[in-house]
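Generate coordinates for the sequence data below:
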Amino acid sequence: MNKPGIAALSSLIAVGEFARGREVVAVETVIVDVPTTRRHRLSNTEITVQSYVIVKAALADGTVGYGEAATLGGPRWAEESVEAIKANIDTYLAPAVLGRSVLSFEANQLAMQKAASRNNAARAGVDAALFDAAGKSLGLPASQFLGGALRDRIEVLWALASGDADQEIEEARAKLAAREHRRFKIKLGFHSPADDMARLALIVAALPGCDIVCDVNQGWSEATAIRYLPQLAELGVVLIEQPLLPGLVAATARVAARSPIPIMTDEAAFTGPEIVAQAMAAAGSVYSLKLVKSGGLMELKRAAAIASACGMELYGGCLLETGLGAAAHLAVFSTLPRLEWGCEHFGPRIVKTDLTNGEVTFKDFHIHCPPGPGLGVTINEAALRSLARKG
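Residues are numbered from 1 along each chain as shown. Predicted coordinates:
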């Protein structure tokens with residue numbers, strides 16, 4: 001395979017030299033079902049097994065790249081399920097990019113958008129595989145195609161989401177002792193608000209000095225949010241994520257106006273216009289960045305720019321991705337001029353078996369961006385085979 005590296009790029013004057021041998025010749029998908037280390041609960045679902053679609057893209061020069069599309073508990077967090085993602089990639093998105101240069105990032109994304117509207121997770125999985133293949137073919141990190149990395153590590157948060165305060169406190173203390181995480185997100189909305197407040201108070205008392213974020217996952221009404229905002233403030237919560245259902249823009253704006261704690265927009269904004277609408281309504285002052293919302297790496301960087309231009313701060317969100325999906329996000333996050341709230345890509349630690357060979361590492365409360373070509377990770381082929389869905 002032709003891998004000239006950065007130093008030799010200046011010798012490849014003609015655009016055709018870059019493209020030659022780097023046409024996409026195959027795109028394959030497989031669904032994998034990966035057990036988690038413990039139950040993970042949200043207001044509208046809970047999982048003990050996380051499912052993904054793994055995308056494999058092959059180039060004419062023999063290079064192979066991988067991407068990952070994630071959902072959470074089927075078509076509940078958003079409309080996509082792994083079954084639908086696989087079908088839409090196989091039927092619509094893969095044919096749209098076959099024969100194209102892997103280096104035509106914008107054209108490939110436009111071709112996929114034309115082939116299938118929305119389907120953000122599906123497009124993101126294919127897009128990540130193409131970026132991975134392009135980087136590995138040229139011997140370059142994917143971040144180089146996005147403007148170049150500004151950081152090689154990001155402070156990383158851990159989510160406490162079993163609903164059992166004793167278990168969550170024990171888990172958090174272990175993360176602190178290992179110097180992996182010192183900031184924690186507490187999932188709310190699956191107990192009554194009063195029970196959630198009691199659980200949260202126990203966790204806060206057990207973790208002095210730690211930043212606490214609360215994620216309601218759309219589980220409250222405006223009245224409930226207004227009622228419990230004072231208690232969240234008294235407990236020292238630093239950020240509240242998506243307290244109300246998407247679409248309740250005015251109601252969320254009224255909550256934000258009453259809240260001394262910043263409100264983070266997540267499920268309420270997938271597209272650029274939706275981000276602008278949230279910001280213009282003052283419904284959120286922080287935006288959660290996710291490939292499953294934006295549909296691709298360059299699109300995710302655009303979302304960050306739009307949110308920043310609207311005055312919103314940035315938070316690197318996740319959907320329990322493995323090391324593969326985390327690496328795709330890190331490729332983008334590493335290039336952002338600002339990422340005020342760090343990220344929450346703890347997924348490689350919550351699955352019992354990661355699909356990569358450990359290139360994404362956690363140390364001194366940070367997740368470290370893998371430095372290798374493409375997304376910087378390699379696939380654990382044995383794990384992929386054993387976890388692949390049969391039939």
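
and stretch 54-61, how far out from the chain's middle?
Mean-position distance between stretch 54-61 and its chain equals 22 Å (Cα atoms, centre = their mean, to the nearest Å).

Let me know how buried the residue lying closest to residue 155 once chain neighbours are set aside is, in neighbour terms.
The shortest distance from residue 155 to any non-neighbouring residue, by Cβ to Cβ, 6 or more residues apart in numbering, is to residue 342 (3.7 Å). The way it works is simple: take the backbone N, C-alpha and C, and place the C-beta from them, glycine included. Other residues lying near residue 342 total 20 when counted by other Cβ atoms under 10 Å.

same question, residue 251
Around residue 251 there are 18 residues (other Cβ under 10 Å).

Walking through the stretch 201-350 of the chain, point out its helices one by one.
Along the stretch 201-350 of the chain, the stretches classed as helices by DSSP state H, counting those that start in this stretch are 222-234, 249-258, 272-280, 291-294, 297-309, 323-333, 347-350.

Residue 111 is nearest to which of the ones you listed?
Ranking the helices of the stretch 201-350 of the chain by proximity to residue 111 (Cβ to Cβ) places helix 297-309 first, at 13.5 Å.

State the mean pLDDT of the closest one.
Mean pLDDT, computed over helix 297-309, is 98.

Same check on stretch 317-325?
97.

Restrict it to CA atoms and write it as PDB.
Coordinates of each C-alpha in stretch 317-325 appear next as PDB, following Å, rounded to 0.1, in the frame of the first residue of the first chain:
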ATOM      1  CA  GLY A 317     -21.300  13.700  24.100                       C
ATOM      2  CA  CYS A 318     -21.400   9.900  23.600                       C
ATOM      3  CA  LEU A 319     -23.800   7.000  23.000                       C
ATOM      4  CA  LEU A 320     -21.700   4.400  24.800                       C
ATOM      5  CA  GLU A 321     -19.500   3.900  21.700                       C
ATOM      6  CA  THR A 322     -16.600   1.400  21.800                       C
ATOM      7  CA  GLY A 323     -13.000   2.400  21.300                       C
ATOM      8  CA  LEU A 324     -13.800   2.600  17.600                       C
ATOM      9  CA  GLY A 325     -16.600   5.100  17.900                       C
END
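
Return the set of buried residues in that stretch.
Neighbour counts over stretch 317-325 (16 or more other Cβ atoms under 10 Å) mark 317-325 as buried.

These into CSV, with extra columns for distance to residue 240?
Shown next, in CSV, are the buried residues of stretch 317-325 (distance: Cβ to Cβ, whole Å):
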residue, distance to residue 240
317, 14
318, 18
319, 19
320, 21
321, 23
322, 28
323, 29
324, 30
325, 25
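
hang on, residue 159 is in a strand, isn't it?
Yes: under DSSP: H, G, I helix; E, B strand; the rest coil, residue 159 sits within a strand.

can you pull the contacts of the nearest residue in space to it that is not next to it in sequence?
Spatial nearest neighbour of residue 159, excluding adjacent residues (Cβ to Cβ, 6+ apart): residue 185 at 4.4 Å. Neighbour list for residue 185: 157-161, 212-215, 241, 344 [criterion: Cβ atoms under 8 Å, 6 or more residues apart in numbering].

so where's the stretch 1-150 of the chain uncertain?
When residues are selected by pLDDT under 70, those of the stretch 1-150 of the chain lie in 1-18, 43.

hmm, try it at 50
For the stretch 1-150 of the chain, applying pLDDT under 50 flags the ranges 1, 13-15.

need the helices for it, in chain order.
Using DSSP H, counting those that start in this stretch, helices in the stretch 1-150 of the chain cover 15-19, 82-88, 94-97, 105-115, 120-138.

So which of these is nearest residue 264?
Closest approach to residue 264 among the helices of the stretch 1-150 of the chain (Cβ to Cβ): helix 120-138, 18.8 Å.

Quick one: distance of that closest one to the chain centre.
Centroid separation for helix 120-138 versus its chain: 14 Å, with Cα atoms, centre = their mean.

hmm, who's touching the helix or strand just after that helix?
For helix 120-138, the succeeding helix or strand toward the C-terminus, using DSSP states H and E, is strand 153-155. The contact list for strand 153-155 (Cβ under 8 Å, 6+ apart) reads 183, 316, 330, 333-334, 339, 342-343, 363, 365-369.

is it true that residue 243 touches residue 225?
Yes: between residue 243 and residue 225 there is a contact under Cβ atoms under 8 Å: 4.6 Å.

neighbour count winner among these two?
Taking other Cβ under 10 Å, residue 243 and residue 225 do not tie; residue 243 has more neighbours (31 against 24).

so who does that one touch?
Going by Cβ under 8 Å, 6+ apart, residue 243 touches 216, 218-220, 225, 252, 255, 263.

go with 6 Å
Neighbour list for residue 243: 216, 220, 225 [criterion: Cβ atoms under 6 Å, 6 or more residues apart in numbering].
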